[in-house]
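Participant: would you be able to build a 3D model of this:
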Amino acid sequence: MNSLIKIVGFLLLLIFLFISIIFAIVFLYLKISLPSISKLKNYQPTQTNILLDTQGKIIGFLGQERRIFVPLNKIPPQVIKAFIAAEDANFFEHKGIDFLSLLRALYKNMVAGKIVQGGSTITQQVTRAFLLSPERTLTRKLKEMVLAWQIEKYLTKEEILTIYLNHIYLGEGAYGVEAAALTYFNKHIWELTLPEVALIAGLTPAPSKYSPLRNPEMALARRNYVLKRMAEVGYISWETANFYSSQPLKLQPQNVNIPLETAYFIDLVKNQLSKILPLELIEKGGFKIKTTFDSEWNKKAYQNALATLQTLFKGRSELPEIAVVCLNNEDGGIRVLIGGKNYSQSSFNRALLAKRQIGSAFKPFIWAKALEDKILEPNAIVPDEPIVLPGAISGEEWAPQNYDGKYMGPIDLKRALAHSRNLVSVRIALLLGIERIRSLAQSLEFNFPPDLNYSVALGTYEVTPLEIARAYTIFPKLGYMVYPYAIEAIYDANDKEIYKNELISKPIISPWTAYIMNEFMQEVVRSGTGACANALGISVAGKTGTTQEYKDAWFIGYTPFYTCSVWVGYDKEKNLGKGETGGRIACPIWLSVMKGTSHPPQGFPIPISKTEE
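Facilitator: Sure thing, here's the model as predicted:
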């Protein structure tokens, strides 16, 4: 009998040693093949960059993952309790693995014949999300358990919660509790009510399945489950749980998808941001980027412009494209940017990139240069009569015509500009000489070819809507051209300002010349080709432009506060239709755009004296 006991004892010892050796081998293998957990100690996740408009409203996100890091001390206790109750009630007791919960989940799954409950702890979920692949294998599960045990030795419970609550995916593209709070409720995580917190905590197992935006009934049931669990573990009373469980879902989802009317501006911000910050910092994220964008105005401007375009071209098989740029005269901040009629059909930003002939909208610069260089006085009379000049091709003649084919005879500069007399513009250009005009174009930073000819007086050279809007700011700014920009300031994750835009402007003409031109171009609106803009009801100046064969229609109009350019045309330079001029097409769209915001009743600035510089 003693021999038998010894034999059994020996066999049991061998079995124990064998299992211990196997376990040790497996543990060593897993430990060697496991990823390092050291990077968790200084957790610095990739975050989204938040774009804000002039009023501080979120207009978009830049980054691969929409995550906004929040330290644990800014996350309310009820948020922490909701997640712990729903996912890992013994979080503060176990060492990474909750064997009791694991056995309980195994039993319930066996009874149900399917997976109805998980046994993973919060620490294991961190391991799975941060360090391992999502594959469902025994090896991966063993690695997960070993890593969870190691993490618990390496990190505090608070550090683990910080990682978990900022890293977890919670549906609709939101990573972490702050992004989820903004996505579903348009609030910060510290502003949420208890039922709102419970809803977010309930998303963890299957964010798409329980999304309140997709499956509100399932989301409601899951929220109530979290409230029940909070009561079961003693975080809230049953009375509180029952009260909030009877409440309906109350969502205020933030539109995280960039609206069509905003997308063109976002592209510009991306471009300008890449010139301010290194790519690696942009990709790491966590910045708040305050822009010059007026999202409310831009939305109304886009809607109004499209509605006006559809009315103007009613019955046409194909609508032309549009481009709109509105600048703040004070500093050049871009308030409105519309690069086309539909971003989803074409992301080509015509406002920034489409170079088209400007037509008669270039004439104000010819007039201004003649006044500035004392070639003509403001009250000068110039003949509106036929003229024949040598053509661009040797041996040919060029006989420019007025749009209406008529002549008004001797005419003053103001009326000539108001009625856009081509022959007057050519005569003034001849008085200036091509070198003066070239110098003017260079100072305005137009990229004209070096071999200019006198057809420039009729706007035969190409500019973009942004370039012409920038150039026109010399008039309301009394001679100074302001440079457009999209990014006002950039703040890091600690709300420290790391970038501030500096106003850039340069003098082009004297204040007195600008004042005279403002008078001239107000007449364009009062009685000339831009008369439709008069309906805005405030001080408005501007100039229309129409190119040969009606391929492009322009109106660049400005108030004391804003300068806006509008272009209408087809990408392939298709004819807009006979009679479709800047005054008939572009000006009404400009008016509809400007009606999208308020305008204080204020006149244009007046220089102190004629010699003011």
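
Participant: just checking, next helix/strand downstream of the helix or strand residue 567 falls within?
Facilitator: Element membership for residue 567, per DSSP states H and E: strand 562-569. Per DSSP H and E, the first helix or strand lying C-terminal to strand 562-569 is helix 587-594.

Participant: ok, back up a step: quick one: the strand holding residue 567 to helix 587-594, angle?
Facilitator: Here strand 562-569 runs at an angle of 140 degrees relative to helix 587-594 (axes from the mean of the first three to the mean of the last three Cα atoms, to 10 degrees).

Participant: wait, residue 244 sits on residue 226?
Facilitator: No - with contact defined as Cβ atoms under 8 Å, residue 244 and residue 226 do not form a contacting pair (10.0 Å). All C-beta atoms are positioned from the backbone trio N, CA, C, and that covers glycine.

Participant: what do these two both touch?
Facilitator: residue 198 (Cβ atoms under 8 Å, 6 or more residues apart in numbering).

Participant: more neighbours: which of those two?
Facilitator: Set residue 244 next to residue 226 and count neighbours by other Cβ atoms under 10 Å: residue 226 wins out with 27 against 18.

Participant: ok, that one to residue 509 distance?
Facilitator: Residue 226 is 67 Å from residue 509, where distance means Cβ to Cβ, to the nearest Å.

Participant: what of residue 64?
Facilitator: 47 Å.

Participant: which of the two has more residues huddled nearby?
Facilitator: Set residue 64 next to residue 509 and count neighbours by other Cβ under 10 Å: residue 509 wins out with 24 against 10.

Participant: where does the stretch 501-613 of the chain dip in pLDDT?
Facilitator: Scanning the stretch 501-613 of the chain for pLDDT under 70 picks out the ranges 609-613.

Participant: how about 80 then?
Facilitator: When residues are selected by pLDDT under 80, those of the stretch 501-613 of the chain lie in 573, 608-613.

Participant: buried stuff in stretch 475-491?
Facilitator: Neighbour-count burial for stretch 475-491, with 16 or more other Cβ atoms under 10 Å as criterion, is recorded at 475-488, 490-491.

Participant: show residues contacting stretch 205-224.
Facilitator: 118, 169-172, 184, 195, 198-199, 202-203, 245, 248-249, 251, 253.

Participant: count the neighbours of residue 192 for me.
Facilitator: Residue 192 sits with 22 neighbouring residues when counted by other Cβ under 10 Å.

Participant: ok, which stretches of the stretch 351-500 of the chain are helices?
Facilitator: For the stretch 351-500 of the chain, the helices defined by DSSP state H, counting those that start in this stretch cover 363-372, 413-418, 422-432, 434-443, 465-472.

Participant: so what does the last one touch, helix or strand wise?
Facilitator: In terms of contacts (3 or more Cβ pairs under 8 Å, 6 or more residues apart in numbering; DSSP states H and E), helix 465-472 is packed against strand 321-328, helix 350-353, strand 480-482, strand 552-558, strand 562-569.

Participant: just the ones you listed: most buried one?
Facilitator: Among the helices and strands packed on helix 465-472, ranked by average contacts under mean count of other Cβ atoms under 10 Å, first place goes to strand 552-558 (a mean of 30).

Participant: ok, residue 188 touching residue 182?
Facilitator: Yes - contact criterion Cβ under 8 Å: residue 188 and residue 182 qualify, at 7.3 Å.

Participant: what about those two, which has more around it?
Facilitator: Per other Cβ under 10 Å, whichever of residue 188 and residue 182 has more neighbours is residue 182, with 21 against 14.

Participant: SS state for residue 93?
Facilitator: Recorded secondary structure, residue 93: coil (DSSP: H, G, I helix; E, B strand; the rest coil).

Participant: count of residues packed around it?
Facilitator: Residue 93: 10 surrounding residues under other Cβ under 10 Å.

Participant: now it: phi and psi?
Facilitator: phi -100, psi -40 (degrees, to the nearest 10).

Participant: now do the contacts for it.
Facilitator: No residues are in contact with residue 93 under the rule Cβ under 8 Å, 6+ apart.

Participant: of the buried residues of stretch 475-491, closest to residue 498?
Facilitator: residue 490 (5.4 Å; Cβ to Cβ).

Participant: helices and strands around the helix or strand hosting residue 301, which ones?
Facilitator: For residue 301, the element it lies in under DSSP H and E is helix 295-312. Where contact means 3+ Cβ pairs under 8 Å, 6+ apart, helix 295-312 is packed against helix 260-274, strand 321-328, strand 334-338, helix 587-594.

Participant: doesn't residue 569 make contact with residue 585?
Facilitator: No - in this structure, residue 585 is not within contact of residue 569 by Cβ under 8 Å, at 9.3 Å.

Participant: find the residues that touch each one of those two.
Facilitator: 553, 576.

Participant: picking that back up, out of the contacts of stretch 205-224, which are buried?
Facilitator: Buried members of the contacts of stretch 205-224, scored by 16+ other Cβ under 10 Å, are 118, 169-172, 184, 195, 198-199, 202-203, 245.

Participant: now for these: which two are most distant?
Facilitator: Maximum pairwise distance in the buried ones among the contacts of stretch 205-224, criterion Cβ to Cβ, is 25.5 Å, between 169 and 245.

Participant: excluding chain neighbours, what is closest to residue 237?
Facilitator: Spatial nearest neighbour of residue 237, excluding adjacent residues (Cβ to Cβ, 6 or more residues apart in numbering): residue 231 at 6.7 Å.

Participant: how many residues are close by that neighbour?
Facilitator: Residue 231: 18 surrounding residues under other Cβ under 10 Å.
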